[in-house]
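> Starting from these lines, generate the structure:
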Amino acid sequence: MRVEGNIYDPQFKLELDKHGVEINLAESLPQEGPVEGDFVIASRGAKRRDLNVDAGVCVTVFTS
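Okay, here's the model as predicted:
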């Protein structure tokens, strides 16, 4: 199931109902908090790899 949008939208509640998920969103209202200055994205299983970025040039000269 992939649902996009705000979980407090009526469309989201309909999607939950279709899948038999019983959640009363009125009991879990959003809470305002401070704005965070940093946003960190982490990836599990990422590996460091070397990357060769050398440019190669091949020239063919025809003479007659």
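> Nearest residue to the middle of this structure?
Note on the chain: the residue nearest the mean C-alpha position is Ile41, at 9.3 Å, using Cα atoms, centre = their mean.
> what kind of secondary structure is Gly17 in?
Gly isn't right for residue 17; it's Asp. Of the three states, Asp17 takes helix under DSSP: H, G, I helix; E, B strand; the rest coil.
> Sorry, wrong one. I was asking about Ala26.
Put simply, Ala26 is helix when judged by three-state DSSP.
> what about the helices in the protein?
10-18 (DSSP state H).
> Any stretches of it with poor pLDDT?
Scanning the chain for pLDDT under 70 picks out 1-5, 64.
> The same query, at a cut-off of 80, please.
Low-confidence segments of the chain (pLDDT under 80): 1-8, 25-26, 28, 30-31, 35-36, 39-43, 46, 51-64.
> What about Leu25, how many residues nearby?
Residues near Leu25, counting by other Cβ atoms under 10 Å, number 13. In short, each C-beta sits where N, CA and C put it, glycine included.
> got it, and the one 5 residues further on?
Pro30 has 9 neighbouring residues, counting by other Cβ under 10 Å.
> i'd like the first residue to be 89 from this point on
That works, and once the first residue is 89, the last one we named lands at Pro118.
> contacting residues around Glu110?
If you count contacts by Cβ atoms under 8 Å, 6 or more residues apart in numbering, Glu110 has them with Leu104.
> Also Thr148?
Applying Cβ under 8 Å, 6+ apart to Thr148 gives no contacts.
> Same check on Leu104?
Applying Cβ under 8 Å, 6+ apart, the residues near Leu104 are 110-111.
> how close does it get to Leu117?
16 Å (Cβ to Cβ, to the nearest Å).
> Asp126 now?
26 Å.
> out of the two, which sits in the more crowded spot?
Counted by other Cβ under 10 Å, Asp126 and Leu117 do not tie: Leu117 has more neighbours, with 7 against 4.
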